[in-house]
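[1] 3D model of this:
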Amino acid sequence: MIVDPPILPSIGITIWLNAARAGTVTATDAANACETLTDSIEMRTASTDSNWPNLVAQAKSCTNPLTVVLPIPGDPCGVPVVTTRTLDVEFGVVAIGDNFLLGKDNEGFIKLISQAHAVGQPDLNMLRSHLQHCVQIASERLHAEGLAGDRDQIDMDLAQFEIEHLPPTMPSRTLKELHSVAKLSVVASHAIENSNALHSPSIDTLRIQLLTDVRRAARKTMCGLVSR
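    Numbering: from 1, shown residues only. Below is the predicted model of the structure:
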């Protein structure tokens, strides 16, 4: 059983909305995919409900590609703190133009927020470099301790690995990198959730932090890959 989905729904939403914006998929296909990814037909707005076809039309009118970010305390990623407090940041936040944000609220509903923000286009090369650094540090620090966990389960998860609901027109190079980074996130998630402390709580805390850094760096790299 895979601990986390291969990619966050917010990343999948961004893929489809950017594909619709670029004209490589139809608006209907993009709307249907977003509905499937979120298991939601409508979304909350300030005064009423909206739907995915309307949001796809809004995305198609944007000057720049939509960007998905993963704000956390101390690193809001350009999302106003007053807004992050109302959202489930584990879901991610999609910036649509300069004045709209899409996320999941604390009640579990998809929400479109009219909010000026400072979310910028990601530096993909920097994200790749940071991910490589996190993997290197984790590998060096964990090598002596051993990666506690069920390797057979991890191998089985990877053998069953599949990212669903991707546009058929997605560039093969981007798709290949997305798969590779998503697999890394899956391995890190599984190791975090299913390994046990071998020596002491302090060593286990360090191990979990290193793996968490790898998973977050992998997720941020996926965000960078699809935000263009």
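
[2] please parse this structure into its domains.
    Per automatic domain parsing, the structural domains of the chain span 9-114, 124-226.

[3] confidence-wise, which of the ones you listed is weakest overall?
    Mean pLDDT values for these show the minimum at domain 124-226, a mean of 82.

[4] so how far is it from its chain's centroid?
    With C-alpha atoms, centre = their mean, to the nearest Å as the basis, domain 124-226 stands 13 Å off its chain's centre.

[5] now stretch 16-35
    Relative to its chain's centre, stretch 16-35 lies at 18 Å (C-alpha atoms, centre = their mean).

[6] who's in contact with it?
    When contacts are defined by C-beta atoms under 8 Å, 6 or more residues apart in numbering, stretch 16-35 is touched by residues 12-13, 37, 41, 51-53, 55-57, 59-60, 62, 65-66, 94, 96, 165, 167, 169-170, 226-228. Where C-beta positions appear, they are placed from N, C-alpha and C, glycine not excepted.

[7] so which of the domains of the chain is the most packed in?
    For the domains of the chain, the largest average neighbour count (mean count of other C-beta atoms under 10 Å) is found in domain 9-114, namely a mean of 18.

[8] endpoints of that domain, how far apart?
    Taking C-alpha to C-alpha, to the nearest Å, the first and last residues of domain 9-114 lie 20 Å apart.

[9] what do you get for stretch 85-101?
    OK, stretch 85-101 end separation, C-alpha to C-alpha: 13 Å.

[10] now, the contacts of stretch 16-35 that are in helices?
    Taking DSSP state H, the ones among the contacts of stretch 16-35 that sit in helices are 12-13, 37, 52-53, 55-57, 59-60, 226.

[11] which ones are touching Asp211?
    Wrong residue type there; residue 211 is Leu, not Asp. Neighbouring residues of Leu211 by C-beta under 8 Å, 6+ apart: 138, 142, 188, 191-192.

[12] ranges for the strands of the chain?
    42-44, 49-51, 67-69, 93-96, 100-104, 110-114 (DSSP state E).

[13] redo those strands as CSV? Include distance to Leu8.
    Below are the strands of the chain laid out as CSV (distance: least, C-beta to C-beta, whole Å):
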stretch, distance to Leu8
strand 42-44, 16
strand 49-51, 21
strand 67-69, 8
strand 93-96, 10
strand 100-104, 10
strand 110-114, 13
